[in-house]
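Chemist: need a structure here:
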Amino acid sequence: MSRIRNKLPLKVLLPILAISLFAVGSFATSVGVTTQAYAGQAGVNYVVSGGFTAASNGFQVVQSTAVASTQPATWANGGTVNTALTAGDWYYQVTLTIAAAAQTSHTYTVTVSWNTGSGYVTLGSLTLTTPATITPGQTMIFQMDIGATTFNAPAGITVTVA
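Modeler: Take a look at the predicted model:
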């Protein structure tokens, strides 16, 4: 008989359960998420002028050989500009996003330098020309072959857009 008396009645448990579910549901609908862009992330330092933001896409292996893009490349939303790419080599990829502050009909240079332990050296450099009309938010990808099939992880990378 003592086991029956220690149990809470159903009419007490149901309101507690309802209140708990309501509390969880109302909290979940009020949580907001915001993102922030930082100037340096995971050893990458961005020196960006001229109304762009830059984001590293890291290192990847070249799947097929490609000739270098004509320089200066004309800005094309979603386009890709690259140095000569050799199949099997590693390349470094950066995405630029254009902002309203970018100058129209202007040539910019994207330079990537890296330090694998012996000081910074230029990995590659590409140029682009912005269109006569700027559309903020558009992106373009820049790929630079590192010229090797193996490499030591860099101690630091600097991406400069000027």
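Chemist: Lys11 - that's part of a helix, no?
Modeler: Yes. Membership of Lys11 in a helix is supported by DSSP: H, G, I helix; E, B strand; the rest coil.
Chemist: where does it land on pLDDT?
Modeler: Looking at Lys11, its pLDDT is 76.
Chemist: quick one: it and Leu21, what's the gap?
Modeler: Distance, Lys11 to Leu21, using Cβ to Cβ, to the nearest Å: 17 Å. (C-beta placed from N, C-alpha, C; glycine too.)
Chemist: Flag the helix or strand of the chain with the lowest per-element mean pLDDT.
Modeler: strand 40-41 (a mean of 43; mean pLDDT, DSSP states H and E).
Chemist: So for Lys11 and Leu21, which sits in the more crowded spot?
Modeler: Neighbour tally, Lys11 and Leu21, criterion other Cβ atoms under 10 Å: the higher count belongs to Leu21, 10 against 7.
Chemist: Using the three-state scheme, assign that one.
Modeler: helix.
Chemist: how close does it get to Leu14?
Modeler: Per Cβ to Cβ, Leu21 is found 11 Å from Leu14.
Chemist: Thank you kindly, that will do.
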